[in-house]
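Colleague: here is the input, now give the coordinates:
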Amino acid sequence: MRENKLRRLWREGGAAVNGWLAIPSSVSAEAMAHQGWDSLTIDLQHGLVDYTNAVPMLQGISTTETVPLVRVPWLEPGIIMKSLDAGAYGIICPMVNTREDAERFVGACRYAPDGYRSFGPTRALLYAGADYQVHANETVLAFAMIETAQALENLEAIVSTPGLDGVYIGPADLALSLGHTPKFDHTEPELLEPIERIMTAAKARGVVPGIHCGSAAYARRMIDLGFQLVTLLSDMRLMAAAAKAIVEETRGGGAGKPDGGSY
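Modeller: Numbers count the residues shown, from 1 in each chain. Just a heads-up that it's a prediction; the model follows:
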C-alpha cells in the first residue's frame, strides 16, 4: 500500500504544512498540489466543493506526492466512508464534542474489527494499491476537530479515544463558542490558553495536534509551540490576497493581505 507520508514525517519529529482547497476545481487542486504542501485538505464543509467535485480533485492531487485529506461536512459515516473510498488518506471531522462522537468518528474510518467502515474502496485501490484493505486501518488518518466549549470540557476523554490520530483546532468556531470574535491567529490570552491546552493534552496522549492559521508567521509560531500540522488559509483566500496585492502594488498603494476571517 502507498505510504502515508504524514505518518513518517511525524515519526521523524517534523511538522506538516497543510493547504486547504475550497474551490471546486481539479485544475486548481492540481496546481496547489505542485506547490510543495505536505498535504492538501479538500473542504466539503465550508468550501464550495461537493463529492462529485472532490473525486477529480483527489485525482489532481495524485499527480504529486502531496497527501490528500478531506474535511467532511459533519460527523456522518456515509460521507466519511465515501471520501476514504475515493482515495482520501485522512479525514478531518468537525464538531467532535464528546468521547462518544470521537468513537463514532474513528469507527467510521476503520474496517472491522477496529471499526464499522463498510468495504468498497473504489478509487482507493487505484491510489493506494491492491492490498489497501490489509493496511488501510494503520494508514488513513482520523482527525477530530476541537472547536467548542463542550469539546474543551471533554478534552481528555476525546484525546484518549483509541484509534484517534489527531485533533484539529477550528479557531473561528472555538472563539465563537467561548464568546469571542471568530477569526484566525488568536493572540488573546483567553484564547491562547485553550489552544495550548488542546495541544498539550493531545501530545500527552500521542495524538497529533493541528490548527488552522491565517499567516505564515502564526503557523511558524504554532509549530514552535508544538503543533505538528498547520494549515494556511485556503486556495480561495490565497488567490484573492495575491490578486489584491498585485493590483494595489500596480496602482502604487500598499500590498494587500488576507483578512482574519474564517476559511
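Colleague: what is the helix or strand Met236 falls within packed up against?
Modeller: Element membership of Met236 [criterion: DSSP states H and E] is helix 235-250. Contacts defined by 3 or more Cβ pairs under 8 Å, 6 or more residues apart in numbering; DSSP states H and E place helix 235-250 against strand 16-21, helix 26-33. All C-beta spots, glycine's among them, are computed from the backbone N, C-alpha and C.
Colleague: out of the ones you listed, the one nearest Asp173 is which?
Modeller: Using Cβ to Cβ as the criterion, the shortest distance between Asp173 and the helices and strands packed on helix 235-250 is 15.2 Å, found for strand 16-21.
Colleague: what about Tyr111, distance to Leu84?
Modeller: 10 Å (Cβ to Cβ, to the nearest Å).
Colleague: got any residues that touch both of those two?
Modeller: Common neighbours of Tyr111 and Leu84 are listed as 117, 136 (criterion: Cβ atoms under 8 Å, 6 or more residues apart in numbering).
Colleague: and the two? which has more neighbours close in?
Modeller: Neighbours were counted for Tyr111 and for Leu84 using other Cβ atoms under 10 Å; Leu84 has more, 29 against 18.
Colleague: could the helices and strands packed on helix 235-250 be laid out in CSV, adding mean pLDDT and distance to Ala136?
Modeller: Below are the helices and strands packed on helix 235-250 laid out as CSV (pLDDT from 0 to 100; distance: least, Cβ to Cβ, whole Å):
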stretch, mean pLDDT, distance to Ala136
strand 16-21, 98, 20
helix 26-33, 98, 22
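Colleague: so which of these is the most surrounded?
Modeller: A comparison of those by mean neighbour count, using mean count of other Cβ atoms under 10 Å, puts strand 16-21 on top with a mean of 24.
Colleague: could you check the angle that strand makes with helix 235-250?
Modeller: Relative orientation of strand 16-21 and helix 235-250, computed by axes from the mean of the first three to the mean of the last three Cα atoms, to 10 degrees: 90 degrees.
Colleague: and strand 16-21, how far from the chain's centre?
Modeller: Taking Cα atoms, centre = their mean, to the nearest Å, one finds the center of strand 16-21 at 7 Å from the center of the full chain.
Colleague: and that strand, what does it pack onto?
Modeller: Contacting strand 16-21 under the criterion 3+ Cβ pairs under 8 Å, 6+ apart are the following elements: helix 5-11, helix 26-33, strand 39-43, strand 208-213, strand 229-232, helix 235-250.
Colleague: would you mind extracting the C-alpha trace of the third one into PDB?
Modeller: Only the C-alpha atoms of strand 39-43 are listed here, as PDB (Å, rounded to 0.1, in the frame of the first residue of the first chain):
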ATOM      1  CA  SER A  39      -0.800  17.600   2.400                       C
ATOM      2  CA  LEU A  40      -3.900  19.200   1.000                       C
ATOM      3  CA  THR A  41      -7.400  19.200   2.500                       C
ATOM      4  CA  ILE A  42     -10.500  19.300   0.300                       C
ATOM      5  CA  ASP A  43     -13.100  21.200   2.300                       C
END
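Colleague: rewinding a little: out of the helices and strands packed on helix 235-250, which is closest to Phe105?
Modeller: When the helices and strands packed on helix 235-250 are ranked by proximity to Phe105 (Cβ to Cβ), strand 16-21 comes first, at 18.9 Å.
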